[in-house]
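> Please find the sequence and the predicted model below.
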Amino acid sequence: MSQSSQGSPFADILKQTLELSKQVQASQDAAADAEPVVVERAEGMIQVTAKSSTEIGIYINPIAFRVGSQVLGEEIAAAVNESLTTLKDRQLSVGNLDLEAVNQQVEEIQEQATAQLTNFMDGILRAHTAAGEAERTPKE
């Protein structure tokens, strides 16, 4: 990695990490601020509201209980599944980050940081060794 005009290669790596962290945070903030997905089933007698994959609300009109528990269960499950699928599709289309790409970037940054730290530590070891040898060499 070449040294930039703004600082050391290690500083560049830290800058890349910070930028990636800001992108992930912005993506999470956008998802949290999104409007909930509302799905109605059984002619509006069942309503499922999904704000996230872990936050779901269900409203059942008492008249829906007349259709029988099996049909009611199927309609609720269908509404939940539809709301979660719609939510996921919407989050992907809003520009949420591709986590696989983020993981790849983090791995690249980790490799760069490891190489830079190894070079730094090798330099310290060489300087320490040279200083020790200089002390042992008789002065004329």
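Looks like it came in fine. Residues are numbered from 1 along each chain as shown.
> State the helix or strand in which the residue nearest in space to the middle of the chain lies.
Note on the chain: the residue nearest the mean C-alpha position is V24, at 5.1 Å, using Cα atoms, centre = their mean. Counting by DSSP states H and E, the element that carries V24 is helix 9-33.
> residues touching the residue nearest to I60 when sequence neighbours are not counted, list them.
If you skip the residues right next to it in sequence, I60 has I46 as its closest partner in space, 5.6 Å away by Cβ to Cβ, 6 or more residues apart in numbering. No exception for glycine: its C-beta is placed from N, CA and C like everyone else's. By Cβ atoms under 8 Å, 6 or more residues apart in numbering, the contact set of I46 is 40, 58-61, 64, 72, 75-76, 79.
> Next, work out how far apart I46 and R136 are.
85 Å (Cβ to Cβ, to the nearest Å).
> ok, now R126?
With the distance defined as Cβ to Cβ, R126 ends up 16 Å from R136.
> who's more crowded, the two?
A direct count of neighbours by other Cβ atoms under 10 Å for R126 and R136 places R126 higher, at 10 against 6.
> shaky segments in this structure?
Per-residue confidence for the chain (pLDDT under 70) gives these ranges: 1-10, 28-33, 91-99, 138-140.
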